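In: could you work out the structure for the sequence below:
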Amino acid sequence: MLNIPNYPPPRLLPPHLKTRIQSDEQRIFKAPGYTRQDRFVFDKRALSNLSLLDQVLFEQFGQGPLVDVPYATMHQAFEHFAAIQPGAIAVQHLGDSITYGELDRQANRLAAHLAELGVQTGDHVALFLQRSIPMIVGILATLKAGAAYVPQHVGVAPPAHLAYVLDVANIDVILTISRLADEVPVPDGRILLNIDEFMQEPFADETEFVEAFVPETAVSPDNTCFIIFTSGTTGTPNGVQVRHGNVGNILLTAPGNLGIQPGMKVGQILSIAFDMAAWEILGCLSNGGTLVIRGKDFMEVLRQVDVVISTPSILASFDADQLHNVKAVAVAGEPCPRPLADKWSSFCTFYNSCGPTEVTIVNTAEQHLPWKVGLTIGKPTPNNTVYVLDEDLRPLPIGEIGEMWAGGDCVSKGYIGNEELTSERYRPDPFLGGGRMMFRTRDLGKWTQEGELEHYGRTDDQVKIRGFRVELDSVSAALESAPNCVRAVALKLDSRDLVGFVSPRTVDVDAAKKAVADQLPYYCTPKFVIDLEELPKTPRGKIDKRLLLEMAKAHDAALLATA
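Out: Numbering: from 1, shown residues only. Next comes the predicted model:
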C-alpha cells in the first residue's frame, strides 16, 4: 500500500484548488440524483407483443440501477485527487514514478501549450506512442484542453494505418515520445510534439507551477473523451467516438470502478489502442489509485498490484497461484472459460464483463463465484439497458435467444466520418424514448431465470483474436491485395490465431501474409496461409468456410506433429 501523506489544510491550498474541492464535495454529497427514481420507465407500447409476465421481466432484467455520476469529465475526477493527495504516487513505470501533484502540473502545462498550438474543445489529438509516463501526461493534457485523444500503439500499427487515422479524425497535433518520433508519419501541416522532451523543460515561474489550465470553452459530458479505431466491414477501420459522460458512467460507478481507491495499485498491461486500456488508465486515476505500467515482464507488475483488467487469453497466461496479492480482476473482450473464472474468483473479486467499444468498454458485468451454476456476462451496468430482440427489433420472451441491443448512458456518439454505418448500427431507442439511442451489438444472448445474460456468440464474422476485435472481411481484403491473388478468405483458427486461404496457387503465401502485416495490426496476420487453385463452394455458390476450417485444423495439426 502507498504511504499517502496527510491532506494539507484547506487554508494552505491555492484558491483554485480549494474552490475545486468544495465544488466536488457539493457535487458528491448534495447531488439531487440520489433522491430520484432508481429505475428507467419503459414505454409499454414497445412491449405489447409480450405476455404480461414477460413484460415485467423484460423491464426488470433489462436495466441497471440509476445512480449518480460524481464528475462531469474524466480529468475533473483526476483533478479532485490531485488536489487532496498531491504527494501520492499516480504512475509507476520501470523504476520511475510521478506524483498526482506533479502529473497534474505537467498535464496543465502541456494542455496550455496545446491551446497555444490551436487545440480547442471538440478537437482531436493523436497519441502515437507506447506505454510510458509521458503517455499518461499526454492523455490528461489532451482532456484538459477539451480535446479527445486518439490512441495508437507505435510499433504495432503500421505507418499506413497511422496516416489513415490522422486523416479520418482530422488531426493536426500528434503527441509521441522522442525515441519513436522517426516512426510516426507527419503529413504536411501536422505538428509533432515529443512529450518527454517537453516535460524536461523547466517551469517558467511559480504561477505556472501551481495553476490549473482552464480551456476557453468548457468541457461537458457530451464532449468526446477518446476515439478508438476498430476494424470495419469494408476493410477500413472505424473510429468510435466515446464521450466523457459515457466513460464516467462506467468508470466512476460500481462495479466498473472495481473498488479502486487511494492506496490501491492498478496494472496497466494492455495496448493504448485497445478500449480496455482506458479502463486501466482512467479508471485508476479518476478513483485515486496508483497506475503501474508494465515493461516486458508482466508478472513483475502483477505481483505488485491490487487490480487487474485483462482479456481472458492474456489472463490465462499468468500463474494465478503467484498472484494472490490481487484483490479484483475484470475480464472482457472475448468469452471467458469457466475454469479460468473459477480459479481467479476463488481468491479475489472476479468480474466477467461484455460490451463492444461502441457501448463504452463494457455494459454488462457479473461478479462470478465458483459455486454459481453458470458463468454469465451478468446484468446491465448502472444507467444502462440491454434488450434481447428479434430480427424485426421486437422484444423476445425471457429465455429465448436473440440479438442484444444496448441502451442508456453507455451508447457512444457514433463512427467518425461514417454516417452510413452509424445510422445502421445506432437506432432510436423505442423503450426509453426521449431521443435516446440504442446500439446493435451483433452479440447473441438470452436471459436466465435469474435475470443474467448468457452469451451465444456473434451474428456476423466479426471475431475476437487475443482479445482484439477483428473483421474477417478486412483481413480477406488485405490478403487479396497480394500480387496475383484472385480470391482470399480469412478464418478464425482459435482464440489466438487466424488462418488465410488464397487462390490461385500462383499466389506467394509469404507475400500474402506480408500484405496483411503491412495494412493491419499484428493480431490480424494469419498464422499461416494456404494456397488453393480454387476456393471450395457450397451448393448455393458461397465459399464453404466449414470445409476450409477443417482443412486449416488438419494443416495446423500436421505442423504441430512435425515441430
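
In: now do the helices in the stretch 151-300 of the chain.
Out: With DSSP state H, counting those that start in this stretch as the definition, the stretch 151-300 of the chain shows helices at residue ranges 159-168, 195-200, 206-210, 244-251, 275-285, 298-302.

In: who touches C284 in this structure?
Out: I260, V266, Q268, T290, L291, V307 (Cβ atoms under 8 Å, 6 or more residues apart in numbering). Where C-beta positions appear, they are placed from N, C-alpha and C, glycine not excepted.

In: brain fart, R487
Out: E480, V502, S503, L535, I543.

In: what do you get for G500?
Out: 475-476, 479, 488-491, 512-513, 516, 526, 528-530.

In: which ones among those are found in strands?
Out: Of the contacts of G500, the ones assigned to strands by DSSP state E are A488, V489, A490, L491, V529, I530.

In: any idea which of those residues has the most stuff around it?
Out: In terms of neighbour count, A490 stands highest of the ones in strands among the contacts of G500 at 28 neighbours, by other Cβ atoms under 10 Å.

In: verify the contact between Q63 and R39 for me.
Out: Yes. Q63 lies in contact with R39 (Cβ atoms under 8 Å); the separation is 6.2 Å.

In: give me the more crowded residue out of those two.
Out: A count of neighbours by other Cβ under 10 Å puts Q63 above the other of Q63 and R39, at 24 against 11.

In: on that earlier part again, kindly indicate which of the contacts of C284 lies nearest R466.
Out: Q268 (17.4 Å; Cβ to Cβ).

In: that closest one: how many residues sit nearby?
Out: Look at Q268: counted by other Cβ under 10 Å, it has 22 neighbours.

In: on that earlier part again, between the ones in strands among the contacts of G500, which is closest to V137?
Out: Using Cβ to Cβ, the ones in strands among the contacts of G500 come closest to V137 at A490, 38.2 Å.

In: for that closest one, name its beta-bridge partners.
Out: A490 has these beta-bridge partners by DSSP bridges: G500.

In: which residues sit in contact with it?
Out: L472, V475, S476, L479, L498, V499, G500, F501, P526.

In: next, find the distance separating it from L520.
Out: 10 Å (Cβ to Cβ, to the nearest Å).

In: wait, H368 touches A341, no?
Out: Yes. Using Cβ under 8 Å, H368 makes contact with A341 at a distance of 4.8 Å.

In: so what's in contact with those two at the same time?
Out: In contact with both H368 and A341: F350, N352, L375, using Cβ under 8 Å, 6+ apart.

In: quick check: which of these has the minimum pLDDT.
Out: Scanning those for pLDDT, the low point is L375. It has 94.

In: tell me the SS of that one?
Out: Following DSSP: H, G, I helix; E, B strand; the rest coil, L375 is assigned to coil.

In: would you mind measuring from it to L453?
Out: If you go by Cβ to Cβ, the gap between L375 and L453 works out to 11 Å.

In: and what of D319?
Out: From D319 to L453 the distance is 31 Å (Cβ to Cβ).

In: neighbour count: those two, which is higher?
Out: Per other Cβ under 10 Å, whichever of D319 and L453 has more neighbours is L453, with 23 against 8.

In: so the residue lying closest to T349 once chain neighbours are set aside bridges to which residues?
Out: In space, and not counting its chain neighbours, T349 is closest to A328: 4.5 Å by Cβ to Cβ, 6 or more residues apart in numbering. On the basis of DSSP bridges, A328 is bridged to V307, T349.
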